[in-house]
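K.L.:
only geometry, no sequence info:
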């Protein structure tokens, strides 16, 4: 596609943050009617570059042309006037408002004069055309992550976006939902739209993109035209990292330890008042990884929130080493040795406006060493944060920077480091490698395997079936609130677990 009509041209883009050069003289072009992949490891500068195009970040140097004319956006409103919409990895929706309310707000912000009735009608047409069915009167907080993504995409199309920037759009999707998203992206291309597909997943970039630009440490490491040359995951890995893909973790064979967690006949309601968890019972043993698979929205979130003290069960009990933890607060459970890596890393895992150091002690600031005679010992907190940043390779200029300045992958590394640093007896990890590049994901998986080898008990909830099968000693499947299985490592196969996920039938 080297002779394609250029729609967007970014030349010599530079963006510096204290201690970090996010974009270092980056050149990028987007052709009309093209799906262009922007590939790179976490922190490579992908989102920063596209945030500059979207007008939410101001570059330090460089020029941008859109349709051949110079373009200097002062805010996303300028981008919307040019038909440029960005669907962020961390959704920009008002949770307490309805789906339609959010679309009305966006239309007003873009200066569009559509009435509420007209926007409802446009939403209905977009939903029919692209299969983006979401109840316009549902409140956003009631929706699953994949439903929220549909709202973001529908909103962009209702606003008649001609250039769509999709930032890590598969992060919130189950494997079975990814191909549906690809079909949607291809349909948007057929309708004449141009798409930037930001990802760190090599297979996805190869499956759906026409061209791929690879960023590495803020610079362009390569541009691959897939219509002219053949690319492989190994080739892209070398361009991204300068090395071969990391090997998977190896679990040591060990005898099952004593039981540390009993969940018995647990019933939990979801946000809409329905039974999200129904009569779930299982044991968790010292040194074990219990994998819980399932398509998103089958009760996994409500189950783990009950276990970590964020949601009160209606019936049943939770025992930790004989201690009745049913309905106990999150703070009590931290003191009982329970750590939690949440699915929503920005909404639940960190406080964006606080510093990196402050976020490392959110779930343990009252512990000895950090807190003395009613006063937090900040030098100790900062030393603790610096250890986490170093050990977990969090890319940040200083632990005094707000955590919102970190990339999504680096926030995830920070959360994982914080929770592991608690020295938990029980770790509940929900999609712990979601949104991470191959090297970062391998690092987190090795950490989880090492924790289990040292005796920690881990509940691993993941929509990545390969990850579940790679790490777990036993595998259960959540289906409509019921836990099927668990299967032993020997019994669990991709085919068997996939069948249980699809049908709700134990094998």
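P.N.:
Noted; the coordinates are in hand. Being a predicted model, the structure only gives us computed values, none of them experimental.

K.L.:
Can you show me the helices along the stretch 351-500 of the chain?
P.N.:
Secondary structure of the stretch 351-500 of the chain by DSSP state H, counting those that start in this stretch: the helices cover 356-360, 378-391, 408-421, 438-453, 465-471, 494-503.

K.L.:
Let's have the ones you listed in a markdown table, adding mean pLDDT.
P.N.:
As requested, the helices of the stretch 351-500 of the chain are arranged in a markdown table below (pLDDT from 0 to 100):
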| stretch | mean pLDDT |
| --- | --- |
| helix 356-360 | 92 |
| helix 378-391 | 91 |
| helix 408-421 | 89 |
| helix 438-453 | 88 |
| helix 465-471 | 89 |
| helix 494-503 | 82 |
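
K.L.:
Quick one: closest of these to residue 183.
P.N.:
Set against residue 183 and scored by Cβ to Cβ, those come closest in helix 494-503, at 18.9 Å. Bear in mind the C-beta positions are built from the backbone N, C-alpha and C, glycine included.

K.L.:
Show me what that closest one is in contact with.
P.N.:
With Cβ atoms under 8 Å, 6 or more residues apart in numbering as the test, helix 494-503 has contacts from 176, 293-295, 465-466, 468-469, 475, 477, 479, 484-485, 487, 505-507.

K.L.:
Can you tell me which of these are buried?
P.N.:
Among the contacts of helix 494-503, those classed as buried by 16 or more other Cβ atoms under 10 Å are 293-295, 465, 468-469, 475, 477, 479, 484-485, 487.

K.L.:
now the farthest one out in the chain, which residue is it?
P.N.:
What lies farthest from the middle of the chain is residue 373; by Cα atoms, centre = their mean that is 38.5 Å.

K.L.:
can you count the residues close to residue 378?
P.N.:
Using other Cβ atoms under 10 Å, residue 378 is surrounded by 12 other residues.

K.L.:
how about the nearest residue to it, chain neighbours excluded?
P.N.:
Excluding the flanking residues, the one nearest residue 378 by Cβ to Cβ, 6 or more residues apart in numbering is residue 357, at 7.6 Å.

K.L.:
hang on, the one you found packs against residue 380?
P.N.:
No: counting by Cβ atoms under 8 Å, residue 357 stays clear of residue 380, with 10.1 Å between them.

K.L.:
more crowded one of those two?
P.N.:
Between residue 357 and residue 380, residue 357 has the larger neighbour count (other Cβ under 10 Å), namely 21 against 14.

K.L.:
quick one: contacts for the residue nearest to residue 378?
P.N.:
With contact set as Cβ under 8 Å, 6+ apart, residue 357 has these partners: 378, 381-382, 384-385, 399-400.

K.L.:
re earlier: please identify which of the helices of the stretch 351-500 of the chain is closest to residue 326.
P.N.:
helix 408-421 (22.1 Å).

K.L.:
gap between the closest one and the chain center?
P.N.:
Relative to the centre of its chain, helix 408-421 is centred 13 Å away, using Cα atoms, centre = their mean, to the nearest Å.

K.L.:
List the buried residues in it.
P.N.:
Across helix 408-421, burial judged by 16+ other Cβ under 10 Å covers 408-421.

K.L.:
any idea which of these is closest to residue 349?
P.N.:
Residue 349 has its nearest neighbour among the buried residues of helix 408-421 in residue 415, at 4.4 Å by Cβ to Cβ.

K.L.:
Now that that closest one has come up, it's in contact with residue 351, right?
P.N.:
No: applying Cβ under 8 Å as the test, residue 415 and residue 351 come out as separate, 11.7 Å apart.

K.L.:
Under the pLDDT cut-off, which ranges of the chain? List them.
P.N.:
The chain contains residues with pLDDT under 70 at 1-2, 172, 174-176, 243-246, 248, 250-255, 506-507.

K.L.:
Please parse it into its domains.
P.N.:
Here the domain parsing of the chain from automatic domain parsing is 6-241, 258-337+459-507.

K.L.:
Out of the ones you listed, flag the one nearest residue 344.
P.N.:
Smallest distance to residue 344 across the domains of the chain (Cβ to Cβ): 7.6 Å, for domain 6-241.

K.L.:
Can you give me the end-to-end span of that closest one?
P.N.:
29 Å (Cα to Cα, to the nearest Å).

K.L.:
How much space separates residue 502 from residue 295?
P.N.:
Look at residue 502 and residue 295: by Cβ to Cβ, to the nearest Å, they are 8 Å apart.

K.L.:
same thing with residue 162?
P.N.:
Applying Cβ to Cβ to residue 162 and residue 295 gives a distance of 33 Å.

K.L.:
With residue 109 instead?
P.N.:
According to Cβ to Cβ, residue 109 stands 34 Å off from residue 295.

K.L.:
again, but for residue 44
P.N.:
Distance, residue 44 to residue 295, by Cβ to Cβ: 30 Å.
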